[in-house]
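Participant: Coordinates for the following, if possible.
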Amino acid sequence: MLKPEIILLGGPNSGKTHYAGQFYGRLQRNPGELKLRKDNSTPSDLSALENVLQRLENGNAADHTPTETWAEIVLPLVDSLGRHIELIWPDYGGEQLREVFKNREVPFSWQERLITADGWFLLIRLSGEILYPDALSKLTKHHSVGEGQKERAGNWDANAYWIEILQLLAHVAGLSSSSKRIKPKLTVLLSCYDELETEDQTPIDVLRKKLPLFESYITSNWDTNSVSVWGLSSLGKALQSESKDDAFIDEGPEYQGWVIKPEGGAPDSDLSKPLAWLLGSTDD
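Facilitator: The predicted structure is shown next:
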C-alpha cells in the first residue's frame, strides 16, 4: 500500500477549490488514470469536496475555502498500474500561502507536510498575476491592480513572488539548493487556462513567456524528469457564484474541464493525469 503525501500550493483565486471538487467528481463518475478504490477502507470526511461538487452540479461557482481552514482528506485510490494508494490531500485557505510569504514564517502544520511530502502540486493562475515587464515603468507609473490582486505581498512581480515562495518552502523542507536530484517531484498547473491566448504553445512555453524568471528557476533547480508543466481548465468555462449555468448543469460537472499535457496537443478530459504523473502512476 502506497501512502504518498503531497503539498498543494496555491493562493486565493488560484483554482484549488474547483480542481479538488472536479477531481473528486471524476473519481466518482468519470474516472481516468486514477480511480476511487472500492473496498472496505473507511474514507475520511469528504464533505468539503462534496459541497464543492454540489455547487458545480447546480451550475454555480464554489465558495472559496475559508482562510483558517486546514484539513487533510484521505482518498483511497487505485492507479492505472493497479497500485493501491492512500492519497493524503490537503485542504486549506489560499490566503495562508500569502501569509507565509508576507511573514516569512511557515506554520507548524505546513512544516511537517513539507518535510515528508513526496511531491509538490503548484497552481498558478497566470491571468491573475501581477507583472512589471518594464522596471522603469514600475517606478514612474501607477499600475492598476485587478480583482484578486490587491494588497498581495506588496504587489511583488509574480516571478519574484513564486521564486521566493519555493525558496522559503525548500528551506523549511531541508532541501539542498545545489542539487536537483533530492527534491520532490513538482507539478505546475497553469489554472484557468481557457482565459489565456496560448497560440498552440506548450504549457511550459506559455509559462516561459509569462513568467520567464520563474520558469528558469524551476528548470534550473529541478531535474528534467522531476518537473512538469500542465495547462488546466477545471471547469472549461467561467462560472459565477449564482450563475446557474444550464449547459453546465445539463452536461454534468464530471464531463466539464480539461488539461493540456506538457507536450501540448488537444485538451484531455482526464483531470487526474497531472496528479498521476506526480505519483508515478501513469503508464504513458
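Participant: which residues of this structure fall in strands?
Facilitator: Secondary structure of the chain (DSSP state E): strands located at 6-9, 34-36, 70-79, 84-92, 119-124, 185-190, 227-233, 258-260.
Participant: In terms of secondary structure, what does the fourth one contact?
Facilitator: Based on contacts counted as 3 or more CB pairs under 8 Å, 6 or more residues apart in numbering; DSSP states H and E, the elements that strand 84-92 packs against are strand 6-9, strand 70-79. Where you see a C-beta, it was placed from the backbone N, CA and C, and this is true even at glycine.
Participant: Just the residues contacting the longest one, thanks.
Facilitator: By CB atoms under 8 Å, 6 or more residues apart in numbering, the residues outside strand 70-79 that reach it are 24, 27, 33-37, 39, 41, 43-46, 48-49, 84-92, 96, 107, 109, 276, 279, 281-282.
Participant: report the angle between the axes of that strand and strand 84-92?
Facilitator: 150 degrees (axes from the mean of the first three to the mean of the last three CA atoms, to 10 degrees).
Participant: Rounded mean pLDDT for strand 70-79, please.
Facilitator: Averaged across strand 70-79, pLDDT comes to 81.
Participant: ditto for the first one
Facilitator: For strand 6-9, the mean per-residue pLDDT is 87.
Participant: Convert it to CSV, retaining C-alpha atoms only.
Facilitator: The C-alpha trace of strand 6-9 is given here as CSV (Å, rounded to 0.1, in the frame of the first residue of the first chain):
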residue,chain,number,x,y,z
ILE,A,6,1.6,15.9,-1.5
ILE,A,7,1.9,19.6,-0.7
LEU,A,8,-0.8,21.5,-2.6
LEU,A,9,0.4,25.1,-3.3
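Participant: For it, which strands pair with it and how are they oriented?
Facilitator: strand 119-124 (parallel) (DSSP bridges).
Participant: ditto for the longest one
Facilitator: Partner strands and pairing direction for strand 70-79 (DSSP bridges) are strand 34-36 (antiparallel), strand 84-92 (antiparallel).
Participant: Quick one: residues in contact with the longest one.
Facilitator: Same thing as strand 84-92. Contacts to strand 84-92, defined as CB under 8 Å, 6+ apart, come from residues 1-8, 20, 34, 37, 41, 48, 65, 69-79, 113, 279, 281.
Participant: Please pick the buried ones from these.
Facilitator: 4-8, 20, 34, 37, 48, 65, 73-79, 113, 279, 281 (16 or more other CB atoms under 10 Å).
Participant: residue ranges for the helices of the stretch 101-250 of the chain, please.
Facilitator: Secondary structure of the stretch 101-250 of the chain, counting by DSSP state H, counting those that start in this stretch: helices at 108-116, 135-140, 158-172, 203-210, 212-221, 246-251.
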